[in-house]
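Fold the following.
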Amino acid sequence: MSQYYALGDRTLWNPSNGASRLFMSQVTVYQAEVGLPSGIGPMEADECRIDPIAFATFVDALLAWHARTRHAVMATLSEGFVATVLALAETANIEVNWQTAERAESDCLKTASDPHAREWTAALRQQSRELVRHMTN
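Residues are numbered from 1 along each chain as shown. The predicted model follows:
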């Protein structure tokens with residue numbers, strides 16, 4: 001069994017029930033964190049409709065929230081969900097605003113006392129691109 005995430009008449013993602021259930025649970029968590037609706041509708045008859053305008057707003061807010069997260073555990077916990085949402089946005093041809101994230105990263109790298117501070121936006125972009133391949137196969 002699987003479920004469908006659709007934008008208009010286009011299927012963006014067709015995950016297994018388990019992956020979909022976990023994703024939808026996380027959608028609820030991160031909607032509360034960023035204080036915005038995700039644009040990802042309820043799962044009805046194994047299909048979920050995505051509102052592109054609300055989803056685009058949510059994606060940008062989520063990325064900005066993730067960029068501001070300085071707590072190592074919170075950043076690690078959220079990274080997989082953020083990458084998945086970015087992959088879904090790319091599949092939906094939604095333009096993502098990376099500027100806020102890149103500015104936050106730049107500020108962090110300038111003041112980081114950790115010599116191992118990494119450029120996470122490039123890593124997040126790569127992770128989301130890899131997920132796109134899994135979502136569309």
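
only C-alpha atoms for contact and neighbour calcs from this point on.
Will do.

Packing partners of the helix of greatest length in the chain?
Criterion DSSP state H: the longest helix present in the chain is helix 72-91. Using 3 or more Cα pairs under 8 Å, 6 or more residues apart in numbering; DSSP states H and E, the elements in contact with helix 72-91 are strand 10-13, helix 52-68, helix 120-136.

Tabulate those in CSV, adding columns for mean pLDDT, distance to Ala45 and mean neighbour count.
Output for these, formatted as CSV (pLDDT from 0 to 100; distance: least, Cα to Cα, whole Å; neighbours: other Cα atoms under 10 Å):
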stretch, mean pLDDT, distance to Ala45, mean neighbour count
strand 10-13, 95, 14, 18
helix 52-68, 93, 21, 19
helix 120-136, 86, 20, 16
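
Quick check: closest non-adjacent residue to the spatially most central residue of the chain.
Nearest to the mean C-alpha position of the chain, by Cα atoms, centre = their mean, lies Val85 at 2.4 Å. In space, and not counting its chain neighbours, Val85 is closest to Val59: 6.8 Å by Cα to Cα, 6 or more residues apart in numbering.
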